[in-house]
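Undergrad: requesting a structural model of the entry that follows:
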Amino acid sequence: DYSVLLNAYRSMRPGDFARFIERFTAQGRDLNAKSNEGQTLLALIADHRHSEPFREILTSHGASSAP
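TA: The predicted structure follows:
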């Protein structure tokens, strides 16, 4: 699930990402999936300059940046 989330973040505008996350969570997939380094997508993008809308979408659907 992590690589799917990362690819969506990298390739979508915030509105498209929001629709994607709705479907993703409806399928029971894991917003808190971790990379091989043990990091969630929310943690990875925390310092990205233009990531605020993406962070808001993720947190509003229950994502966590906790390790």
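Undergrad: may I have the longest helix along the chain as CSV, with CA atoms only?
TA: Criterion DSSP state H: the longest helix present in the chain is helix 14-26. C-alpha atoms of helix 14-26 as CSV (Å, rounded to 0.1, in the frame of the first residue of the first chain):
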residue,chain,number,x,y,z
PRO,A,14,-4.8,17.5,-4.4
GLY,A,15,-8.4,17.1,-5.7
ASP,A,16,-7.6,14.0,-7.5
PHE,A,17,-5.6,12.7,-4.5
ALA,A,18,-8.6,13.3,-2.3
ARG,A,19,-10.9,11.2,-4.6
PHE,A,20,-8.2,8.5,-4.8
ILE,A,21,-7.9,8.4,-0.9
GLU,A,22,-11.6,8.0,-0.6
ARG,A,23,-11.6,4.9,-2.8
PHE,A,24,-8.3,3.6,-1.3
THR,A,25,-9.8,3.7,2.3
ALA,A,26,-13.2,2.3,1.1
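Undergrad: where does pLDDT dip in the chain?
TA: 67 (pLDDT under 70).
Undergrad: where along it do the helices fall?
TA: 2-11, 14-26, 41-44, 52-60.
Undergrad: quick one: terminal-to-terminal distance for stretch 5-18?
TA: Stretch 5-18 has an end-to-end distance of 11 Å (Cα to Cα, to the nearest Å).
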